[in-house]
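[1] Kindly generate the corresponding structure for this input.
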Amino acid sequence: MVVEGMSAQINVVLSEMTNNVPEIEGTGLVSAEGLVIQVTIPPEWTEKDMDEDQISAMVSGLVGIAETSSFRFQKAGFNRVSVRFQEGHFTAIKVTENCYLFAITNDQAILGMLYLAMEKAVKTLAPIVV
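    Got it, this is the predicted structure:
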């Protein structure tokens, strides 16, 4: 899915997004099948038995529910899904037909700024991932 040598470019895009929205705690790219393309999570998550594979599977599951809902409600297709937690937010956005960008933030995130940063990242990432 990712062309050889593109991992560094993806990492730069994810880092830039995180720098622009410091409330982002975890971010990454996952395939529609729930496979890790690139995921960055804080060390304390792995200490709580949360790993990249689990996060990728959750992202894929939530995106799958959003896509099914879009189809069932006859609303032109999935674009973005957001979930609000008591202490933060989860957002996933389509990069390509088979790839999604996600971000998990704390509860201080301004969602408009997050969405803008994610849209900018998608425009950069889309040509990188195949």
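[2] how about Gly28, phi and psi?
    The phi and psi values for Gly28, taken as degrees, to the nearest 10, are phi 170, psi -180.
[3] What distance do you get for it to Thr105?
    Per C-beta to C-beta, to the nearest Å, Gly28 is found 13 Å from Thr105. Where C-beta positions appear, they are placed from N, C-alpha and C, glycine not excepted.
[4] Could you do Met118 as well?
    11 Å.
[5] Check what pLDDT Leu35 gets.
    Leu35 is assigned a predicted lDDT (pLDDT) of 89.
[6] Okay, and the residue nearest to it when sequence neighbours are not counted sits in which element?
    Leaving aside its sequence neighbours, Leu35 sits nearest to Ser56 (C-beta to C-beta, 6 or more residues apart in numbering; 6.3 Å). Following DSSP states H and E, one finds Ser56 within helix 52-72.
[7] buried stuff in that helix?
    52, 55-60, 62-63, 66-67 (16 or more other C-beta atoms under 10 Å).
[8] got it, and stretch 18-37?
    Buried-residue list, stretch 18-37, by 16+ other C-beta under 10 Å: 18, 21, 23-32, 34-37.
[9] all helices of this protein, in order?
    7-20, 43-47, 52-72, 111-125 (DSSP state H).
[10] Tabulate the ones you listed (CSV), appending distance to Ser82 and mean pLDDT.
    Converted to CSV, the helices of the chain look like this (distance: least, C-beta to C-beta, whole Å; pLDDT from 0 to 100):
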stretch, distance to Ser82, mean pLDDT
helix 7-20, 16, 92
helix 43-47, 20, 77
helix 52-72, 9, 87
helix 111-125, 7, 95
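[11] Output the ones you listed in CSV, with distance to Asn79 appended to each entry.
    Converted to CSV, the helices of the chain look like this (distance: least, C-beta to C-beta, whole Å):
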stretch, distance to Asn79
helix 7-20, 18
helix 43-47, 27
helix 52-72, 8
helix 111-125, 10
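[12] between these, which gets nearest to Thr91?
    Distance to Thr91, taken as C-beta to C-beta, is lowest for helix 111-125 among those, at 6.3 Å.
[13] residue farthest from the centroid of this structure?
    Of all residues in the chain, Gln74 sits farthest from the chain's C-alpha centroid, using C-alpha atoms, centre = their mean; the distance is 24.2 Å.
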